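>>> here is a sequence together with a model predicted from it:
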Amino acid sequence: MIEVGMVGSVGVIRLNRPKALNALNLEMVRALTEVLKHWEDDPSVVGIVLRGSARPGEDAANFCAGGDIRFMHSAALSGDLRLDDFFTEEYALDHMLHSYPKPIVAWMEGIVMGGGMGMAQGASLRVVTERAHLAMPETRIGLFPDVAAGYFLSRCPGRVGEYLGVCGKGIAAAEALAWGLADAYSPAHELDPWLESLAQKPPSTDAGFLRRARAMLSLADQSGMKPSVLLAERERIDRYFAHNTVAEILSSLATDDSEWARQTIHHMAGNSPLMMCVTLEQIRRARAMSLSQVFRMERDMVRHCFGLRKGRQSETVEGIRALVVDKDHQPMWNPGSTLEVSAEMVQVFFESPWPQWRHPLRDLS
C-alpha cells in the first residue's frame, strides 16, 4: 500500500492505494512509521519526498484523501478496537513528521484532504501543483478537522482557519500559498524531472537537500496556476467568521447578498451543526496550544466522536453512512440546527476520557 525507493540520496515514499484515493488505513500508517524510523538514522538518506499515485486512466496523482472512513464506520458499529489504534498511531505518525530530523517534501497533487493534510502540513517543504485540491471537510461527515488541524488552521491568517474548518470547503494552489498551507508551487509534470535533477548532483547534507529543492522549485513556471476568486473574499471571511458562535456566523452571512455568502450558507447547511460548533471551539482553543497539546486534545475529541453516542447514534457514524455508505446524502443530524447546540454539548468533547498518565499520546513532546 506504499512503495518505497531511492532517487540518489533522496528517499521517496509513494502512497499506493489509488482506487481509494490513497486513503490511509492502519497498515499504511504502520508501514510509513516503520520506514521513517529506519531512515531517521540512515546517513545515506539526506531528504524524503512523500507523493501519491493516480487511479488507472487518470493523470492526477492524488496525494491522499484522508483516513479510511468506510473502515471507521464498520469498526464503530462492530466495536473493532483497531479504530482506537488507527487514530493513536496516525496522530503519532503526523507528530513524527512535524518533528522529523531530516527534511521532508510533501508533493500535494490532486486530492489532499483530512489525513493527507495531516501528513503534508508536517513536512519541511509543502509543494502544491495546478491540480491540488486541499480541504478539511470533516464536518460534512459529523467529525471535526483532526490530525492537528486545530494547530495548522488556527495559524492561518485572520479567520481563515475558522472558515476552512467549520465550512470545510476546498482550496487550490493560490489560496494554499497565500494562507500559509503551502510553501512552493510546481507544475505537476515537473516532479520526476525535479527528482532526477536532485539525483544527478546529490546533496550531501540535509540542509543542502532542502536548499536545492527550494531553489529549483523557485524557478517553476507558475502560468498554469489558476487565479483565485476566493482570496478576494478575505475581508468577508474575517468579518463573518470572527463571531462567537456558528449560529451568529450564519445569521451574519444571511445579511450579505453576495454569491460567496449564499454559497457558504448553502454548503454549511449540509454539515453537522454540532460538529461545526465543536470545530469552532477547537480552532480557537488551539491558537494558544503547542503542537503536542493539540494532538492530545484532538485524540480526546475523536474518542468522544465514537464514544459519547454509541454505534448508529454517533454523529460521525451517521455522517459517513449518509455520504459514503448509503449515499442518500440525508444525514439525520442531532441536533438538527446550530440554534439547538448548547455550550454543554460542545464542552464535553474537550474533557479527556483518560487521566494524564494513561493518555495514549502522553509521550509526545
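Sure thing, it's come through. Numbers count the residues shown, from 1 in each chain.

>>> stretch 90-109 - what's its average pLDDT?
For stretch 90-109, mean pLDDT is 97.

>>> tell me the buried residues in it?
Residues of stretch 90-109 classed as buried by neighbour count (16 or more other Cβ atoms under 10 Å): 90-98, 100, 102-109. In this view, the C-beta of every residue, glycine as well, is placed from N, C-alpha and C.

>>> and it, end to end?
Using Cα to Cα, to the nearest Å, the span of stretch 90-109 from its first residue to its last is 21 Å.

>>> likewise stretch 57-66?
The distance separating the two terminal residues of stretch 57-66, taken as Cα to Cα, comes to 22 Å.

>>> what does stretch 320-334 give?
14 Å.

>>> next: stretch 308-315.
Taking Cα to Cα as the criterion, the two ends of stretch 308-315 lie 9 Å apart.

>>> same deal with stretch 62-78?
Stretch 62-78 has its terminal residues 30 Å apart, counting by Cα to Cα.

>>> can you give me the offset of it from its chain's centre?
Averaging C-alpha coordinates over stretch 62-78 and over its chain gives two centres that are 14 Å apart (Cα atoms, centre = their mean, to the nearest Å).

>>> then stretch 161-180?
Taking Cα atoms, centre = their mean, one finds the center of stretch 161-180 at 11 Å from the center of the full chain.

>>> over to stretch 21-36?
For stretch 21-36, the gap between its own C-alpha mean and the chain's C-alpha mean amounts to 15 Å (Cα atoms, centre = their mean).

>>> if you count neighbours, what's buried in that stretch?
Applying a neighbour-count criterion of 16+ other Cβ under 10 Å, the buried positions in stretch 21-36 are Leu21, Asn22, Ala23, Leu24, Asn25, Leu26, Met28, Val29, Ala31, Leu32, Thr33, Leu36.

>>> take the buried residues of stretch 90-109 and keep only those in helices.
When the buried residues of stretch 90-109 are checked against helices (DSSP state H), the matches are Glu90, Tyr91, Ala92, Leu93, Asp94, His95, Met96, Leu97, His98.

>>> dump stretch 335-344 to CSV, restricted to CA.
This file holds the C-alpha atoms of stretch 335-344, laid out as CSV (Å, rounded to 0.1, in the frame of the first residue of the first chain):
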residue,chain,number,x,y,z
PRO,A,335,-29.2,18.4,17.0
GLY,A,336,-30.6,19.5,13.6
SER,A,337,-29.8,23.2,13.9
THR,A,338,-26.9,25.2,15.3
LEU,A,339,-29.5,27.1,17.4
GLU,A,340,-30.1,23.9,19.3
VAL,A,341,-26.5,23.2,20.1
SER,A,342,-25.8,24.2,23.7
ALA,A,343,-22.4,25.1,25.2
GLU,A,344,-22.6,22.0,27.3
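
>>> how about low-confidence regions in the protein?
Along the chain, the parts satisfying pLDDT under 70 run over 202.

>>> for it, what spans make up the strands?
With DSSP state E, the ranges of strands along the chain come out as 2-7, 10-15, 47-51, 104-108, 111-113, 125-128, 133-135, 184-185.

>>> among the ones you listed, which comes closest to Ile249?
Ile249 sits nearest to strand 133-135 of all the strands of the chain, at 18.6 Å, using Cβ to Cβ.

>>> and the closest one, what does it pack onto?
Applying 3 or more Cβ pairs under 8 Å, 6 or more residues apart in numbering; DSSP states H and E, we find strand 133-135 packed against strand 111-113.

>>> the strand it packs on packs against which elements?
If you count contacts as 3+ Cβ pairs under 8 Å, 6+ apart, strand 111-113 packs onto strand 133-135.

>>> what about the strand it packs on, distance to the chain center?
8 Å.

>>> show me what contacts Asn334?
Leu274, Glu315, Glu318 (Cβ atoms under 8 Å, 6 or more residues apart in numbering).

>>> so of the buried residues of stretch 21-36, which ones are in helices?
Among the buried residues of stretch 21-36, the members falling in helices (DSSP H) are Leu26, Met28, Val29, Ala31, Leu32, Thr33, Leu36.

>>> circling back: ok, of the contacts of Asn334, which come out buried?
Buried subset of the contacts of Asn334 (neighbour count, 16+ other Cβ under 10 Å): Leu274, Glu315, Glu318.

>>> now distance to Arg296 too, for the ones in helices among the buried residues of stretch 21-36, in JSON lines please.
Putting those into JSON lines (distance: Cβ to Cβ, whole Å) gives the following:
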{"residue": "Leu26", "distance to Arg296": "20"}
{"residue": "Met28", "distance to Arg296": "23"}
{"residue": "Val29", "distance to Arg296": "18"}
{"residue": "Ala31", "distance to Arg296": "24"}
{"residue": "Leu32", "distance to Arg296": "21"}
{"residue": "Thr33", "distance to Arg296": "18"}
{"residue": "Leu36", "distance to Arg296": "21"}
